[in-house]
Each structure stands twice: as C-alpha cells, then as structure tokens.
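Asks: sequence first, predicted model second:
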Amino acid sequence: MSISVQTSAMDTRLWTGRAEPFESARARYWYQIAAPYSAQAVGLVGFACDQGVRRNQGRVGAKDAPPMIRQAFAKLPITAAIQQRYSNDNALAQLLGDAGDIHCIDEDTLTDDVLETAQQQYADTMTQVLNQGGLAVGLGGGHAIAYGSFLGLWQHLTVNNNKGNNENNANKNNDQLPRIGIINFDAHLDLRQAPVATSGTPFRQISEHLDAHGQPFHYCCIGVSRFSNTAALFDRAEDLQVTIISDEDCAEQPWAEIAAQIDAFMAGIDVLYMTIDMDCFPAATVPGVSAPAAYGIALPFVERCTQHLFATGKVKVADIAEINPAFDIDQRSAKVAARLLALIIEQQVLNPSKETLHD
Ligand SMILES: N=CN[C@@H](CCC(=O)O)C(=O)O
Ligand SMILES: [Mn+2]
Ligand SMILES: [Mn+2]
C-alpha cells in the first residue's frame, strides 16, 4: 500500500451542535446519534482526496471537504418523518455510522499511485458498509470518488454473486449480476480519455470495467451543459449510449417529461449508484467547487429527482463530490451538501430496500 494514503476513524470533534435541555425529546440533532460505524443502516465514508482534480488541471482543495460537510450536517435536526420511523433512541442509534476518512497525502507528483490506492481503500470501506446491508454514502473529495464508489458496489455485488470465488475475476459467473445503473448530477459528462485516472475520467473507467466483465454500462447524466463539454465527450457519450438530460432540459421541460426519462432509465436497471457533483448547481447556490456553473440546475429540482430515485428502492450507493472549501462563501456550499446528505438519509429511511430495513 502506498504510504501516501492514510485512514482516520470518526472524528468526534466534528459532531457538535445546539444543546437544548429545555425542549422535548423530539429536538434531536444528527450530532447526537452519529457514532463510529458498526453496521448502522447508513454508513458515511469520506474520500479526502483531490489528486484527481489536480491531474484534471482543476482547482485543488476538495480533499478538505469531508469534515466540513460533516460539521454542517451534524447541526441539522433529525426530521419528524425519520423520528416517526425510528420510534426510540435505541432504534435511532442504529441509523447512522461514520466510518471516517481515506486521505491522500503528499500529492505533489502527478504520476504516483496515490489516487488509485485511495480509490481502492475507499471502495473497500464502502463494500464493508454494503456487505452489512447498509446504504453506503461517500463524501468527497474530487469526483474521482465515483470510480471508488462504483468499485465498492461492484465488489459487494460480485462477492454476493460468486460466493467463495475471486470476485474480480472477469471469467466468473457475472451473468446473474443485478444490472447496475449510475445517475450523475453534473454539468460534466466525466467521460474523459486520459492516460491516468482523474476527476474527469471516472465514468469512462467504469464503462471499461463493466465491458471487461461482460456487463452493460447504464449511465444517465443529469444537468449536462453543452457549453462545458467538448464535442469529443458528447461523441463518447453517444457511443456509450449515455442518457443525457441537459441543464436546459432540466430548466425548460415539464417535470412529467423529466420523470418519464428517469423512469425509462430506472426500468432497465436493478441497483443504482447516485452521485451528485456539486458543480451541477448554479455558482450562486454552490460557489465552493473547482468549476463553478454559470447556468446550473436548481436545488429543488435535484431534490425532487433524489426523492423520485429513492422511491424506487434501488439506490445502494450515493455520494456527494467536488465541494472545495477554499472557494466556499459563508459555508454556503457545505450547507447545501449537508442538506442533500440529510435528504438522502431521510429518503433511505422512508423507502428502505429489503436489505437495509433496520427499524
Ligand atoms: N470532474 C470533472 N471536471 C470537469 C472540469 C471542468 C473544468 O475544470 O472546467 C471536467 O473534467 O470536465
Ligand atoms: Mn462537474
Ligand atoms: Mn463531475
């Protein structure tokens, strides 16, 4: 293992918030129930790495985001809807685990294996959460997190499918694997061709991984800007039969049309990896990213999509990527990420898949 990658356990100093001793017991906050990960229904895993952004010629700083997102999230109240499902403190204690962070350090060379090592370690932790029946939620870090999140899901599915076999062997029995789908909220397709992995290559890498294992690539990118992706990228998307819902479509099409496109995509898959690149939002909503969006898609729209996706019961993995605290303004971006994290957990509680029902 590269010495440039380290792991850290849950940092309890991040999990603080209001004390409200004079309120009813329903004045509950996330900081009060988060605990070190031990098979809770939702497991948080931080990817404190932006080597992919550096390799992609972007603005580094995303490696500092996971603790910032946790700090903002810790202060949010646990919604009434969640409390209704988890009727007492003992049950709530089984809801949220923090598995800590995977850190890239000494990232000053562009050619070492620090990113690949971090992706693998992060993937292994995500797999552990999935193997325990939990929803695995990644906190980036750059969007190179996506290859790690996918790999975590892949390892989980192939271990379950090929009990006792070498799960990464392309010749094993992969024909009964569930159909994996990916929905990415992003201004960018992230299908770049490059000699090394970057934050711009993860979905091209995933397509190649699946192809090498005889599996189809089901990828839907929502919020794509025609002014932020080259014609070469759109050509690759077409070759790979990517479902594209552009930023303009998101603004102009009625919800019924968007929902129909999402439903058509979801009908062709069994399990979903959902990823939110925070540069999908307008720069005024999320200024703290490497590549701020001039146009962007609206937060209420992304939240509506998220609810729609969780209602299918197919979401296995979710992550939030590309927050860069160095460019944030008054924690605006971290707060949006925290709200999305709260929504993801709430939706998981309200729409559990069989394997993740813990109450
Ligand atoms: N994560 C992906 N990032 C974008 C960056 C675009 C930019 O820096 O302008 C991409 O590669 O397309
Ligand atoms: Mn992007
Ligand atoms: Mn991206």
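Replies: Here it is on my side, so go on. Numbering: from 1, shown residues only. Ligands and ions are numbered 1, 2, ... in the order given.
Asks: need the nearest residue in space to C221, chain neighbours excluded.
Replies: Among residues not flanking C221 along the chain, N184 sits closest, at 4.9 Å (CB to CB, 6 or more residues apart in numbering). (Glycine included, C-beta is placed from N, CA and C.)
Asks: can you give me the neighbour number for that neighbour?
Replies: 26 (other CB atoms under 10 Å).
Asks: for it, helix, strand, or coil?
Replies: strand (DSSP: H, G, I helix; E, B strand; the rest coil).
Asks: surely it and T275 touch.
Replies: Yes: with contact defined as CB atoms under 8 Å, N184 and T275 form a contacting pair (4.9 Å).
Asks: residues that sit against both of those two, list them.
Replies: A146 (CB atoms under 8 Å, 6 or more residues apart in numbering).
Asks: what sits against the residue nearest to C221?
Replies: Contacts of N184 (CB under 8 Å, 6+ apart): 146, 190, 203, 219-222, 275-277.
Asks: strands - which of the residues you listed land there?
Replies: Of those, the ones assigned to strands by DSSP state E are 219-222, 275-277.
Asks: ok, those residues vs Q347, which is closest?
Replies: Ranked by distance to Q347 (CB to CB), those are led by I276 at 13.0 Å.
Asks: which pLDDT value does the model give the nearest residue to that closest one once chain neighbours are set aside?
Replies: Closest residue to I276 apart from its sequence neighbours, by CB to CB, 6+ apart: F185 at 4.7 Å. What the model reports as pLDDT for F185 is 99.
Asks: can you check E167 too?
Replies: Reported pLDDT for E167: 42.
Asks: if we can go back for a sec, list just the nearest of the contacts of N184 to Q120.
Replies: Among the contacts of N184, A146 lies closest to Q120 (CB to CB), at 13.9 Å.
Asks: which of the ones in strands among the contacts of N184 count as buried?
Replies: 219-222, 275-277 (16 or more other CB atoms under 10 Å).
Asks: okay, buried residues for stretch 44-58 please.
Replies: Neighbour counts over stretch 44-58 (16+ other CB under 10 Å) mark 44-56, 58 as buried.
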